[in-house]
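In: Next come a sequence and a model predicted from it.
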Amino acid sequence: MAIKKIDPMAQLMPGTGDMSAEQFRALGYQYVDWVSHYLETVGEKPVLSQVKPGWVKSQLPSSPPQDPESLSQAIDDLDRIITPANTHWNHPGFFAYFSITGSTPGILGELVSAAYNVNGMLWKTSPACTELEEVVLDWLKQMLGLPRDWFGLVNDTASVASLCAIAAARESLDLKIREEGMAGRTDLPALCLYTSEHSHSSIEKGAIVLGIGQKNVRKIAVDAEFKMRADALESAILEDLAAGRRPFCVCATVGTTSTTSVDPVPAIADICERYHLWLHVDAAYAGSAAVLPEFRYILDGCDRADSFITNPHKWMFTPVDFSAFYTRHPEILRRAFTLVPEYLRTDQGEEVRDLMNYGVSMGRRFRALKFWFVVRAFGVAGIQARLREHIRLAKRLAGWIDAHPDFERLAPTPFSTVCFRAHPKGVDDESKLEALNEQLLERVNATGRAFLSHTKLGGRFTIRWAIGNLRTDEARVEETWKILEDSLQEIHQGRKV
Ligand SMILES: *Cc1c(COP(=O)(O)O)cnc(C)c1O
């Protein structure tokens, strides 16, 4: 008779129940040890995963286990399969896209959030979830110098938040779109949305989802520093008005994704007021910098915005996902999104807000916990000190690039993201430069010591180096710069032979 091997831990589980408190404690300590070790050693791992497509799947069973398995066993699988197939965003050499940190206070916040496992759709389904969210978003307003009377809520991502903002802008027009839709209506002019050619793709995607149509998204030209040109914005609005179209919303960016440039929000706000347009400001990355008094000015004019977003999960050490959304018109946002079925009706009255009425999803994770822990553990002063250090490192790097005969910067560096390329003396052909820089980027990323990404600026292939991880120190930045210099040398030598 075959003896069925039963995991001793699973054996202890009573019936179909979960682990006992004692089992969880033992296993939980193992996992805390594992996480601590991971964070301690992550900098030695290749930052960009080197696995081939399909490798992870080939390592995993194709069907689920019928019988219980031990989760201490799963630790082996993490080390053997999952970790090597990860691109390590919590790595000190992660300089791609925007460099972020899931800090340890934030990790603990996620642990507690999973333990509570609340769904904060209504105030009464977790008063703590709703009210802690209100409190920490009020703290964030104070940290960034935003108007205290704005209504705030947390979304998963900036993309969803911007979609909600554009939906509110559309609702503010009173065109009965909520009731009658947009299709097949002869009484509806084309609705036009304005944003710069350097704004994030999520703005255009929001317009697509909401039926505005890509053809009605005006990509306004930028100046030499990649900032939206206010004069070009006004011309585009006038042109649409003259053609009988209906301008309704302008999305300005504080810290564009390619270069981190800051649109001239005060001038844009003037135009929005003149033509009665909703002003949405996307400060997903750079908004955090306003926590520094010397950087407050980047939000000049944002107090006149109708809606505003910033992502503490980008540059405020909060684990993904945590995007802060503010609006001065909660009632319009509510009108756009509220739809309460009988089974969710409450009689709490005006005193409380049911956050499900201010966005697409009904369910709401207890995200405020992790941000609360981050702000408490670092303090505002601690957050300021770390942002200042990232900006200082980026300035040093920009200095090295400017001083090097074979490299050039391709955009100003207002924050901690540097845009540059190799441009060796005598190589001026644009397609050669593109091939060279692509090769350079590939070579650096293949070392596993750093991960940089790219963009295109004025048609030029541009390397982007974003500094924002708490484990990134000066030594790592110096080492990566050396790898870049050496890699360029190697490419040159390879060419000669
Ligand atoms: C990263 C970024 C976004 C998108 O952020 P998600 O939270 O991932 O949706 C939007 N806007 C800007 C300016 C960004 O930098």
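Out: Perfect, I can see it now. Numbers count the residues shown, from 1 in each chain.

In: Pull the contacting residues for whatever residue of the stretch 201-350 of the chain ends up closest to the ligand.
Out: As assessed by CB to the nearest ligand atom, the ligand sits closest to A284 within the stretch 201-350 of the chain, at 3.5 Å. Any C-beta I mention is one placed from the backbone N, CA and C, and that applies to glycine too. Counting by CB atoms under 8 Å, 6 or more residues apart in numbering, A284 makes contact with 158, 200, 255, 257, 309-311, 314, 323.

In: Tabulate those residues (TSV), appending neighbour count, secondary structure and pLDDT.
Out: TSV is the format used below for the contacts of A284 (neighbours: other CB atoms under 10 Å; DSSP: H, G, I helix; E, B strand; the rest coil; pLDDT from 0 to 100):
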residue	neighbour count	secondary structure	pLDDT
A158	26	helix	97
H200	21	coil	97
G255	26	coil	98
T257	20	coil	95
I309	28	strand	98
T310	31	strand	98
N311	27	coil	98
K314	26	helix	98
S323	24	strand	98
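
In: out of those, who's nearest I82?
Out: Nearest to I82 out of those is K314 (CB to CB; 24.1 Å).

In: wait, that closest one sits on Y285?
Out: Yes. Applying CB atoms under 8 Å, one finds K314 in contact with Y285, separated by 4.8 Å.

In: Could you look up the SS state of V51?
Out: coil (DSSP: H, G, I helix; E, B strand; the rest coil).

In: Tell me where this protein has strands.
Out: For the chain, the strands defined by DSSP state E cover 151-155, 191-196, 217-220, 246-253, 278-282, 307-310, 323-327, 407-409, 417-422, 453-457, 460-466.

In: Return the distance of the residue of the stretch 201-350 of the chain closest to the ligand relative to F95.
Out: Distance, A284 to F95, using CB to CB, to the nearest Å: 18 Å.

In: Near the ligand, which residues of the protein? Just list them.
Out: Taking CB under 6 Å from any ligand atom as the contact definition, the chain meets the ligand at 98, 157-159, 200, 202, 253, 255, 257, 282, 284-285, 311, 323.

In: Please tabulate those in JSON lines, including the columns distance to R274.
Out: Shown next, in JSON lines, are the residues of the chain next to the ligand (distance: CB to CB, whole Å):
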{"residue": "F98", "distance to R274": "33"}
{"residue": "T157", "distance to R274": "32"}
{"residue": "A158", "distance to R274": "27"}
{"residue": "S159", "distance to R274": "29"}
{"residue": "H200", "distance to R274": "25"}
{"residue": "S202", "distance to R274": "27"}
{"residue": "T253", "distance to R274": "20"}
{"residue": "G255", "distance to R274": "25"}
{"residue": "T257", "distance to R274": "28"}
{"residue": "D282", "distance to R274": "21"}
{"residue": "A284", "distance to R274": "27"}
{"residue": "Y285", "distance to R274": "29"}
{"residue": "N311", "distance to R274": "30"}
{"residue": "S323", "distance to R274": "30"}
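
In: Make sure A158 is actually in contact with S323.
Out: Yes. Using CB under 8 Å, A158 is in contact with S323, at 4.9 Å.

In: Return every residue with contacts to both of the two.
Out: 284, 309, 311.

In: Compute the distance between the first one and T260, please.
Out: By that I understand A284. Separation of A284 from T260 (CB to CB): 11 Å.

In: For the nearest residue to S261 once chain neighbours are set aside, list the residues it contacts.
Out: Among residues not flanking S261 along the chain, F226 sits closest, at 4.0 Å (CB to CB, 6 or more residues apart in numbering). By CB under 8 Å, 6+ apart, the residues touching F226 are 198, 256, 258-259, 261, 411, 457.

In: any weak-confidence spans in this protein?
Out: Scanning the chain for pLDDT under 70 picks out the ranges 1-16, 495-497.

In: if we go to 50?
Out: 1-6, 11, 497 (pLDDT under 50).

In: for F94, what are its contacts?
Out: 47, 87-88, 100, 450-451, 469, 472.

In: which of the residues you listed has the most neighbours?
Out: If you count neighbours using other CB atoms under 10 Å, the busiest of the contacts of F94 is N469, which has 27 neighbours.

In: Quick check: that residue vs F95, distance?
Out: Counting by CB to CB, the gap from N469 to F95 is 8 Å.

In: L233 and A252 touch, don't they?
Out: No. If you go by CB under 8 Å, L233 and A252 don't touch, sitting 9.1 Å apart.

In: Fine by me, we can end here.
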